[in-house]
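K.L.:
Just need the structure, nothing else, for what follows:
(one chain, ligands or ions: 1)
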Amino acid sequence: MSVADLLDVLKRGRKVAVLTGAGISAESGIPTFRGKDGLWNRFDPAQLATYEAFLKDPKLVWKWYLWRMHLIANARPNPGHYAVAKMEELFPDFLLITQNVDGLHREAGSRRLVELHGNIFRGKCRFCGKEYSEEEFSQLWPLAGRDFLSSISEEELKGQVFDEIDRGNLPRCLNCGEIVGPGVVWFGESLPEDALSRAFSFASSCDILFSVGTSAVVQPAASIPLYAKRSGAVIVEVNPEETPLSPYCDFVFRGSASQVLPQIVSSLEGS
Ligand code: OAD
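P.N.:
Numbers count the residues shown, from 1 in each chain. Below you'll find the predicted structure:
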């Protein structure tokens, strides 16, 4: 199947959804979760990405998140992110549904988006429920500020910054005084209600859904393309590897998001 075959379908499409996962940010230098070099091959999610882990050892959890935030603060969007931002201009009705917490889609210009798993630069107090925007959180705890993190080396992060954490410098909630955690969804937590309902309701009435750079195994995000398919949408997968979603797809592009998506966008623009 080629981009040209897809073009006919796209030209008729009015309502288009794009679901993205860690693979779209891989070429920006941000590791994915599964696969050979995936984070979950090197780290145990139960020790780092659960509320229980945070209660047991908030210093360890925050060091791991600051390490990831440092990587992200130094990363830039790649052609895949820019192509998705462009798609928003090309279709009358469009929604980007991302599982990524890195904010690179927004940095690339996407505006009609839902972040299903939250955003790593925001803060959330699990004790009283108070949420902090990126700006509020970096004021509360300057160690987590994007500008600060992008100004230091990995050695400085693991040296001075981790030492400060060991000495007890952790973000304390303005409301209840407890330790604030990152604004992401952990294993065992519910997804934000508004993001979830917006994603499912859009998927249930879209004409085309792109599933890009996701292993399509983490629920409930993994069922969004199937939900769209059941409602009659054409499903397009962009992923160098086969996923459990592949057999249900109408078009499959076995390539990287940063190569395939710009090709699709430029053929659309030229049509
Ligand atoms: P995964 O790490 O599970 O899957 C990444 C997918 O990207 C794989 O299918 C790869 O084949 C594909 N991939 C790798 N490089 C690519 C490239 N250059 N272009 C396109 N695709 C590429 O990541 P997710 O599916 O996002 O949740 O994982 C879903 C959730 O699991 C994450 O949001 C995270 C994780 O646990 C939470 O933390 C709640």
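
K.L.:
Quick check: the residue nearest to Thr98 when sequence neighbours are not counted vs the ligand, distance?
P.N.:
Nearest residue to Thr98, sequence neighbours excluded (C-beta to C-beta, 6 or more residues apart in numbering): Thr20, at 4.6 Å. Bear in mind the C-beta positions are built from the backbone N, C-alpha and C, glycine included. As judged by C-beta to the nearest ligand atom, to the nearest Å, Thr20 and the ligand stand 8 Å apart.

K.L.:
ditto for Ala257
P.N.:
Using C-beta to the nearest ligand atom, Ala257 is found at 4 Å from the ligand.

K.L.:
give the contact list for that residue.
P.N.:
By C-beta atoms under 8 Å, 6 or more residues apart in numbering, Ala257 lies in contact with Thr20, Gly23, Ile24, Glu27, Asn78, Gly80, Ala83, Val212, Gly213, Val238.

K.L.:
how many other residues sit next to the second one?
P.N.:
A total of 25 residues lie near Gly23 under the criterion other C-beta atoms under 10 Å.

K.L.:
and the spatially most central residue of the chain, what pLDDT?
P.N.:
In the chain, the centroid-proximal residue (C-alpha atoms, centre = their mean) is Asn100; its distance is 0.6 Å. pLDDT recorded at Asn100 is 98.

K.L.:
which of the contacts of Ala257 lies closest to Ile264?
P.N.:
Closest to Ile264 out of the contacts of Ala257 is Ala83 (7.1 Å), distances taken as C-beta to C-beta.

K.L.:
which of the residues in the helix or strand containing Trp64 are buried?
P.N.:
Per DSSP states H and E, Trp64 falls inside helix 58-73. Applying a neighbour-count criterion of 16 or more other C-beta atoms under 10 Å, one finds 58, 61-73 buried in helix 58-73.

K.L.:
Contact residues of the stretch 1-150 of the chain facing the ligand?
P.N.:
21-24, 26-27, 32-35, 38, 49, 99, 117 (C-beta under 6 Å from any ligand atom).
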